[in-house]
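Undergrad: Next come a sequence and a model predicted from it.
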Amino acid sequence: MQRWIKLPDGRFIDANRIAYVGKVESYPRLDEDGNDLGTGFVVSIGTDLPRERQLAVTGTREEIMALMKALLGAGAV
C-alpha cells in the first residue's frame with residue numbers, strides 16, 4: 001500500500017519507498033541581490049543507494065518539521 005507524502009516544493013513521494021532520511025541542516029538564505037531571507041532548512045531523503053535516487057528537500061523550519069512528522073507517522077491518519 002502506498003502512503004503519499006507531499007514535499008514542500010509540491011512534489012509527492014511514496015513514504016514506503018524511503019530507504020533513509022539524512023540529518024536536518026540549516027543554511028542562510030539570500031535573494032539575488034544578497035538580501036537576507038532568513039534561515040533555510042534542508043534534509044536529504046533517499047529511496048535507494050544510487051545518487052540519482054536521492055532528494056534534497058528544502059523549506060522553512062515549519063515545512064521541514066511537518067515533513068519529518070509525516071515521514072515518522074505522526075501525521076498519518
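TA: Received, thanks.

Undergrad: all strands of the chain, in order?
TA: 4-6, 12-14, 20-21, 25-30, 36-46, 54-59 (DSSP state E).

Undergrad: any idea of the angle the longest one forms with strand 25-30?
TA: Looking back up the chat, that one is strand 36-46. 140 degrees (axes from the mean of the first three to the mean of the last three C-alpha atoms, to 10 degrees).

Undergrad: what residues are up against residue 30?
TA: 36-37 (C-beta atoms under 8 Å, 6 or more residues apart in numbering). In short, each C-beta sits where N, CA and C put it, glycine included.

Undergrad: List the beta-bridge partners for it.
TA: Residues in a beta bridge with residue 30, per DSSP bridges, are residue 36.

Undergrad: What score does it have for pLDDT?
TA: pLDDT for residue 30: 88.

Undergrad: likewise residue 22?
TA: 89.

Undergrad: these two touch, right, it and residue 43?
TA: Yes: counting by C-beta atoms under 8 Å, residue 43 is a contact partner of residue 22 at 5.9 Å.

Undergrad: Those two: who's more crowded?
TA: A side-by-side neighbour count of residue 22 and residue 43, using other C-beta atoms under 10 Å, places residue 43 first with 20 against 14.

Undergrad: how near is that one to residue 27?
TA: Noted for residue 43: a distance of 12 Å to residue 27, by C-beta to C-beta, to the nearest Å.

Undergrad: which residues sit in contact with the spatially most central residue of the chain?
TA: Centroid-nearest residue in the chain, with C-alpha atoms, centre = their mean: residue 57, separated by 3.5 Å. The contact partners of residue 57, by C-beta under 8 Å, 6+ apart, come to 7-9, 42-45, 64, 67.
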